[in-house]
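Visitor: sequence first, predicted model second:
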Amino acid sequence: MTPDLKAFLPVIFCLMPVIAVSQPISASAPEVLISNSDYFFMNPQFSPDGSKIAFSSQQYRGLWIADAAGSQASQITAEAGAGYRYNWSPDGRHIVTGVTREEGPVREFGIKLFDTVSGEEQQLTPYARQVPPLPRFSDNGSDIRFRDGAEIRSLDSGIDAAETGDIVSGSPVAMPLENTIRIYHANTTEQDLRPVPDAIYLRAAVSPDGQKLAFEVYAGNLYISDINGTNLIDLGRGEAPVWSPDSRFLSFMITEDDGHDITGSDIYVVDAAGNGITNITAQSGLHAMNPTWSADGSRIAFGDVQSGAIYQVHLQY
């Protein structure tokens, strides 16, 4: 053995523990987190502060809030569409979402803000005939960005900084806009990305550390890239990407359907480099959809479209 190799071996051994924990070792069997025989629940999201979990009911009608353990559930709205692409504020107190109303054959959309502590709600935009606005909070919750036709607009959230304690996520916000992903950085600068040429972009998610981007392509695959759209990693099929709180992992779902109904769905986890794709709901018999990470990264919750219950798995690293 050469002196150079002897000198290099300790470095290799020091790196081995890091490599060994680069992906979840296993996930527990799914267990029911929230269930009610009178309701069909779906699409959960843990709050950023870890204290609550929000979820919707069938066809994304209404929003419910429970504590992070799944107890003390209460409904904050019964409006149509409220549970589709809702978004928590960085302080974990407010939710912004698009709501729908139908006047005969006409469907209109508006944006509402809900205070999950006081129970107050505000109509932020009037109802209008448009594509679903899909509102998102900025990194500090002070403003809200949403789709308005082929544009992205912003409005003041009305949330007082004294109320939120100036909580700032520091992470850029990604807004898909047909053939572009628009990135809003914390300093309010904008950047338009087209990492996959001629693609129509769907959901996009920035890692909490602001370094990585995950996004779906219509009739295509799920990708990871650097925040500037470079170093593209094709993960194959995948939907609904959600980053772990420490930015080390991405969860997503893969669904099967017969053209009318969901016939199967599982939740997967992969590390930020695109390695070690793991099916964490395999053999469960559930049709698991729309994953969400707990604030400490120890759990992933999801909905089961067969039973209408919210389940969770515990991760071991």
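Guide: Sure, I can see it.

Visitor: pLDDT weak spots in this structure?
Guide: Residues of the chain meeting the criterion pLDDT under 70: 1-25, 161-169, 187-188.

Visitor: what about the helices in it?
Guide: Using DSSP state H, the helices of the chain run over 3-20, 161-164.

Visitor: contacts only, for the most centrally placed residue in the chain.
Guide: The centroid of the chain falls nearest to residue 242 when counting by C-alpha atoms, centre = their mean (4.3 Å). Listed by C-beta atoms under 8 Å, 6 or more residues apart in numbering, the contact partners of residue 242 are 205, 250, 251, 252, 291, 292, 293. The C-beta positions use only the backbone N, C-alpha and C, and glycine is treated the same way.

Visitor: out of these, who's nearest residue 216?
Guide: When these are ranked by distance to residue 216 (C-beta to C-beta), residue 252 comes first, at 8.6 Å.

Visitor: give the contact list for the closest one.
Guide: Counting by C-beta under 8 Å, 6+ apart, residue 252 touches 214, 222, 235, 238, 239, 240, 241, 242, 267, 268, 270, 291.

Visitor: and the gap between it and residue 65?
Guide: Going from residue 252 to residue 65 by C-beta to C-beta, to the nearest Å gives 25 Å.

Visitor: ok, now residue 113?
Guide: 14 Å.

Visitor: all strands for the stretch 51-200 of the chain, in order.
Guide: 52-57, 61-67, 74-77, 87-88, 94-103, 106-115, 121-123, 136-137, 143-148, 151-156, 173-177, 180-184, 190-193 (DSSP state E, counting those that start in this stretch).

Visitor: now those strands as TSV including distance to residue 300 and mean neighbour count?
Guide: Shown next, in TSV, are the strands of the stretch 51-200 of the chain (distance: least, C-beta to C-beta, whole Å; neighbours: other C-beta atoms under 10 Å):
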stretch	distance to residue 300	mean neighbour count
strand 52-57	12	23
strand 61-67	16	20
strand 74-77	23	14
strand 87-88	16	20
strand 94-103	20	20
strand 106-115	24	18
strand 121-123	29	13
strand 136-137	22	22
strand 143-148	27	20
strand 151-156	30	13
strand 173-177	21	19
strand 180-184	25	20
strand 190-193	27	14
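
Visitor: quick one: which two of the contacts of residue 242 are the most distant?
Guide: 250 and 292 (12.6 Å).

Visitor: what about the two, which has more around it?
Guide: residue 250 (26 against 22; other C-beta atoms under 10 Å).

Visitor: so the more buried one touches residue 272, yeah?
Guide: Yes - the pair residue 250 / residue 272 is scored as a contact, 6.7 Å apart, by C-beta atoms under 8 Å.

Visitor: between those two, what contacts are shared?
Guide: Common neighbours of residue 250 and residue 272 (C-beta under 8 Å, 6+ apart) are residue 224.

Visitor: hang on, the earlier thing: what about the residue nearest to the centre of the chain, distance to residue 42?
Guide: 15 Å.

Visitor: ok, residue 216 next?
Guide: Going from residue 216 to residue 42 by C-beta to C-beta gives 19 Å.

Visitor: next: residue 261.
Guide: When distance is defined by C-beta to C-beta, residue 261 is 14 Å away from residue 42.

Visitor: higher neighbour count, those two?
Guide: residue 42 (22 against 9).

Visitor: neighbours of the closest residue to the more buried one other than its chain neighbours, just the number please.
Guide: Leaving aside its chain neighbours, residue 42 sits nearest to residue 303 (3.9 Å; criterion: C-beta to C-beta, 6 or more residues apart in numbering). Residue 303: 28 surrounding residues under other C-beta under 10 Å.
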